[in-house]
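Undergrad: I need the structure of the sequence given here:
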Amino acid sequence: MGLFDVHAHLTHPDVFADVEGVIARARTAGLTTIVSNGLNPTDNAAVLDLSRRFDIVRPAFGFYPVDAVLVQMRAEGESFPHRSEAWTAEDGIRWVQEHADEAFAIGEIGLDGYWVQENLWPAQDEVFRQLVRIAMAADKAIIIHTRKRERRALELLDELGAPRVNWHCFGGRVTLAREIAGRGHFLSIPANARRSQSFTRMLETLPRERILLETDCPYLGPDRDARNEPANVVGTAQYAAELWRTNVADVERQVAENFEQLFGVVP
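TA: Sure thing, here's the model as predicted:
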């Protein structure tokens, strides 16, 4: 078993410009798997290309919840500063459907109430439902993004009976995180855990068999002002060892077993 980053954005311009160096440093740090998460059809295609170039990269194909309704947002005069291109819901869903067999996982997908106004939540819900169904039909694990709509995301996952779920960078209440873990879902802790009270509490109180490691690179690094990258999961494992009063080897063994349970393969 090896170490892993379950949620990275290797196609982000800040990372992609140095992707060979990023991957080399990840290998040196002991990582054997980086799950690179796609956000839309263009990004998914770039993720797939990276997975063909580097054996350490596993492709996750997604449709970010803001992208899922971005056409409607723009029609109503709303903006999302992180995209110049917009895709219809049908095009985004179709891309994931057509490539599901090539995916290591489906994600990131989910619900976002920070950027998206409430009148578009029903449309966002329906895109999420369809993507979860695609993942379940293809027997793929799901990687979830939620922001301000965590409870609703859990309700929809319960409704659909999704069995293999990881909640990336969970921003809701720790009490809800415990409820999610009780469902048998996993929660991945990013590399800023040492400076985050919420992620520290999750590491301290969630069942250890429900914890995974991620970076969400280039965001959420151990140093607020520096670009994050997959090698930094090592620091999160070290921090977990401190909180769990054990050694890093035990932490790495536990999270590798968790990874295997979720994805069906060793990292």
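Undergrad: from here on, contacts and neighbour counts on C-alpha atoms
TA: Will do.
Undergrad: mind listing the strands for the stretch 51-200 of the chain?
TA: Secondary structure of the stretch 51-200 of the chain, counting by DSSP state E, counting those that start in this stretch: strands at 57-61, 105-112, 141-147, 165-168, 186-189.
Undergrad: Parallel or antiparallel, list what pairs with the last one.
TA: Right, the one you point to is strand 186-189. Sheet pairing of strand 186-189 (DSSP bridges) gives strand 165-168 (parallel), strand 211-213 (parallel).
Undergrad: Make a markdown table out of those strands and add mean pLDDT.
TA: Output for those, formatted as a markdown table (pLDDT from 0 to 100):
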| stretch | mean pLDDT |
| --- | --- |
| strand 165-168 | 98 |
| strand 211-213 | 98 |
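Undergrad: looking at it, Gly110 is touching Tyr64, isn't it?
TA: Yes: applying CA atoms under 8 Å as the test, Gly110 and Tyr64 come out as touching, 6.9 Å apart.
Undergrad: These two: who's more crowded?
TA: Regarding Gly110 and Tyr64, a neighbour count based on other CA atoms under 10 Å identifies Gly110 as having more, with 32 against 25.
Undergrad: Could I get the pLDDT score of the nearest residue to the more buried one once chain neighbours are set aside?
TA: Distances taken as CA to CA, 6 or more residues apart in numbering place His145 nearest to Gly110, at 4.8 Å, with adjacent residues excluded. For His145, the model assigns a pLDDT of 97.
Undergrad: Next: Trp87.
TA: pLDDT, Trp87: 97.
Undergrad: Let me see the ranges of the helices in the stretch 151-267 of the chain.
TA: Using DSSP state H, counting those that start in this stretch, the helices assigned to the stretch 151-267 of the chain run over residues 174-182, 197-205, 233-244, 248-263.
Undergrad: ok so, going back, quick check: neighbours shared by Gly110 and Tyr64?
TA: Taking CA atoms under 8 Å, 6 or more residues apart in numbering as the contact rule, the neighbours common to Gly110 and Tyr64 are His145.
Undergrad: Report how many residues lie close to the spatially closest residue to Arg129 that is not a sequence neighbour.
TA: What sits nearest to Arg129 in space, not counting adjacent residues and going by CA to CA, 6+ apart, is Leu156, at 7.2 Å. The criterion is other CA under 10 Å. On that basis, Leu156 has 17 neighbouring residues.
Undergrad: on that earlier part again, format the strands paired with strand 186-189 as JSON lines; extra columns: mean neighbour count and distance to Arg52.
TA: As requested, the strands paired with strand 186-189 are arranged in JSON lines below (neighbours: other CA atoms under 10 Å; distance: least, CA to CA, whole Å):
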{"stretch": "strand 165-168", "mean neighbour count": "26", "distance to Arg52": "24"}
{"stretch": "strand 211-213", "mean neighbour count": "27", "distance to Arg52": "23"}
